[in-house]
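Engineer: This is the structure alone, sequence omitted:
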C-alpha cells in the first residue's frame, strides 16, 4: 500500500468514526465527505489531503479506489458495512492514525463531518452536483482536484469547453 493510499485509509476511518453518531451517516455520506474534505483542503491549504483520484459518477464524485480499499478494510476487520434502517453504514473497528495528517487536515475533515451532520444522503449528493469540478467532467472522467478553486456558480459554456480541453491534455 502506498503512503498516499494509507492516508486515504486513515481519512476514511476518521470520517466513518465521525459519522457514526450521525443518524443519516451512511456509506453515501461517507463518500461525499471524503470528496468535500479534499475540496475544502484545496480551497484552504492549496492542495488536497490525499492524491486519491476521484471520478465523476451520476450520483456525484467518488474515489476510484473506494470499493477496493473499503473491501480490504472489511477483510482486515478494520471496518464493517452494515445495513441499518434502509441505509448502508460504515462502522470503524479501529481508531484512525491521525499522525499521517499534516497541520490543518484533521480540522478540515472534522469540519466536513460537522457540516454534513444530519443532512440526508440525497441532499449531499445534490450539493456535489453544484461543484464545477463534478459538473465540468463527463461520467467516468477523472475530476481534477484544482478545479475546487472554481466555486459553485453558473458555469459558462466557453469555460466548460476550456476546462474539458485542459482535462484532455492532462489525461495524455
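Structural biologist: Yep, it's here. Because the structure is a prediction, the values reported are computed rather than measured. Numbering: from 1, shown residues only.

Engineer: Helices of this structure, start to end?
Structural biologist: 3-19, 27-45, 66-76, 105-116, 121-128, 132-135, 157-171 (DSSP state H).

Engineer: How confident was the prediction at residue 1?
Structural biologist: Note on residue 1: pLDDT of 61.

Engineer: Nearest to residue 147, out of the helices of the chain?
Structural biologist: For residue 147, the closest of the helices of the chain is helix 132-135, at 3.5 Å, according to CB to CB. The way it works is simple: take the backbone N, C-alpha and C, and place the C-beta from them, glycine included.

Engineer: same for that closest one, what does it pack against?
Structural biologist: strand 60-63 (3 or more CB pairs under 8 Å, 6 or more residues apart in numbering; DSSP states H and E).

Engineer: rewinding a little: quickly, which of the helices of the chain bottoms out on average pLDDT?
Structural biologist: helix 157-171 (a mean of 69).

Engineer: want to throw the helices of the chain into TSV with distance to residue 96 and mean neighbour count?
Structural biologist: Output for those, formatted as TSV (distance: least, CB to CB, whole Å; neighbours: other CB atoms under 10 Å):
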stretch	distance to residue 96	mean neighbour count
helix 3-19	4	21
helix 27-45	13	22
helix 66-76	11	15
helix 105-116	9	19
helix 121-128	21	18
helix 132-135	26	22
helix 157-171	31	12
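
Engineer: The closest residue to residue 90 other than its chain neighbours: what's it in contact with?
Structural biologist: Spatially, and ignoring its direct neighbours in sequence, residue 90 is nearest to residue 16 (4.5 Å; CB to CB, 6 or more residues apart in numbering). Going by CB atoms under 8 Å, 6 or more residues apart in numbering, residue 16 touches 30, 79, 90-92.

Engineer: change it to 10 Å
Structural biologist: 25, 27, 30, 33-34, 70, 73, 78-81, 89-93, 96, 113 (CB atoms under 10 Å, 6 or more residues apart in numbering).
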